[in-house]
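Q: this one's sequence-less:
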C-alpha cells in the first residue's frame, strides 16, 4: 500500500517542538499508513511553496487567533494547487512547551487527519469516475499507440516501396532512352515498288541490279540495302537520293539510246544513197 506523504506548516520553531511532541504518541504509520516527512516553520510564501510542493497532504498548523487564521487562509490560497489536499489545524494559544496541553495538540492533529480522510472519501465517487475515465482514455491511448506504430510500419514499407519504384522508374527511363536511340539509329524498311511509285508515278520500276549499281556508285554500301523487293535505309533522304539518281540515270540512258538510233538511221540512209549511186554508175558503164 502506498504511504501518504504528509507535511506540516507551522509559524515558528517553538511550534515545531509542540507538534513533534504531539506526534510521539501517535502510531501514524500503522494506524493511518502515513508518514510526516517534514515540519516546516515559516510564514514566507515562497519558502512554503518550495517545502510543500508535491505533498499528498499538507496540514497548516497556526494559532487559533485572528493572525493565525489569516495566515492559514493566505497559505491555503497560495498552496492549494501544489499539493493533493490541504487541511487546517488550530494550535492552542501559548508556545511554552511546559504549559501547553500536548494531548490537546495531539487530538487536534488526529482530527485534522480524520477530516482529511473523510473529505477524501467524499471525493471518492468523483475519483472513481475520474479513474474510470482515465482507464478508458488509457485504453484508447494504447489502441491509438498501436495503430500509430502500425501506421508507422506501413509508412516505412510504403517509403521503401516508393524508393524501389523510383529506382525502377529511373531504370525504365534509362532503358527507354537507350531503346529510343536504337530506334532512331535502326535502319528503316520500305517496299521498293511503293517508294518508287510515290516519287515517280507511272514510271516502270527498274530491276534491283540497277539499284545495286547505284548504291555502289553513290557510296551507300552498308547504309542502303536493296533485295527481295524491299529497301533498307538508315536515312530516308539517302533512299530518296538513290531513287532519284536511278531515275535520272534511266532517263539519261533512254535519251542516249534514242540519239544512237537516230544516228544509225541517218548513217543507214547515207549508205543507201551511196549504193544507189554505185549501181547507177555501173549501169552507165554497161551501156
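A: Now that the structure is in, tell me what you want to look at. Note that this is a predicted model, so its numbers are computed, not measured.
Q: residue 101 against residue 92, yeah?
A: Yes - contact status for residue 101 versus residue 92: in contact at 6.1 Å, counting by CB atoms under 8 Å. The way it works is simple: take the backbone N, C-alpha and C, and place the C-beta from them, glycine included.
Q: pLDDT on whichever helix or strand residue 193 is part of, on average?
A: Assigning secondary structure by DSSP states H and E places residue 193 in helix 192-199. Averaged over helix 192-199, pLDDT sits at 88.
Q: low pLDDT regions in the stretch 101-250 of the chain?
A: Low-confidence segments of the stretch 101-250 of the chain (pLDDT under 70): 121-128, 179-187.
Q: all strands of it, in order?
A: Ranges of strands within the stretch 101-250 of the chain are 188-191, 224-227, 230-233, based on DSSP state E, counting those that start in this stretch.
Q: who are the packing partners of the first one?
A: The elements that strand 188-191 packs onto, with contact taken as 3 or more CB pairs under 8 Å, 6 or more residues apart in numbering; DSSP states H and E, are strand 230-233.
Q: hmm, back to that, show residues contacting the helix holding residue 193.
A: With contact meaning CB atoms under 8 Å, 6 or more residues apart in numbering, helix 192-199 is reached by 203, 205, 208, 211, 226, 229-231, 239-240, 243-244, 247.
Q: now with 6 Å?
A: 205, 229, 230, 231, 243 (CB atoms under 6 Å, 6 or more residues apart in numbering).
Q: just among those, which is most surrounded?
A: residue 231 (25 neighbours; other CB atoms under 10 Å).
Q: returning to that earlier point: farthest-apart pair in the contacts of helix 192-199, please.
A: Distance extremes for the contacts of helix 192-199: the farthest pair is 229 and 243 at 14.4 Å, using CB to CB.
Q: before we move on, back to that, mind putting the contacts of helix 192-199 into JSON lines with distance to residue 190?
A: What follows is these, written out as JSON lines (distance: CB to CB, whole Å):
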{"residue": "205", "distance to residue 190": "13"}
{"residue": "229", "distance to residue 190": "10"}
{"residue": "230", "distance to residue 190": "7"}
{"residue": "231", "distance to residue 190": "5"}
{"residue": "243", "distance to residue 190": "10"}
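Q: what is the nearest of those residues to residue 33?
A: Closest approach between these and residue 33, by CB to CB: residue 230, at 105.6 Å.
Q: the closest one bridge partners, please.
A: Under DSSP bridges, the beta-bridge partners of residue 230 are residue 191, residue 227.
Q: number of nearby residues for residue 246?
A: Neighbour count for residue 246, taken as other CB under 10 Å: 22.
Q: just use 10 as the starting number from now, easier for me
A: Sure, I'll start numbering at 10, so the last one becomes residue 255.
Q: for it, what are its contacts?
A: Contacts of residue 255 by CB under 6 Å, 6+ apart are 215, 219, 223.
Q: let me have these in TSV, extended by distance to residue 90 and neighbour count.
A: Below are the contacts of residue 255 laid out as TSV (distance: CB to CB, whole Å; neighbours: other CB atoms under 10 Å):
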residue	distance to residue 90	neighbour count
215	109	17
219	110	15
223	106	22
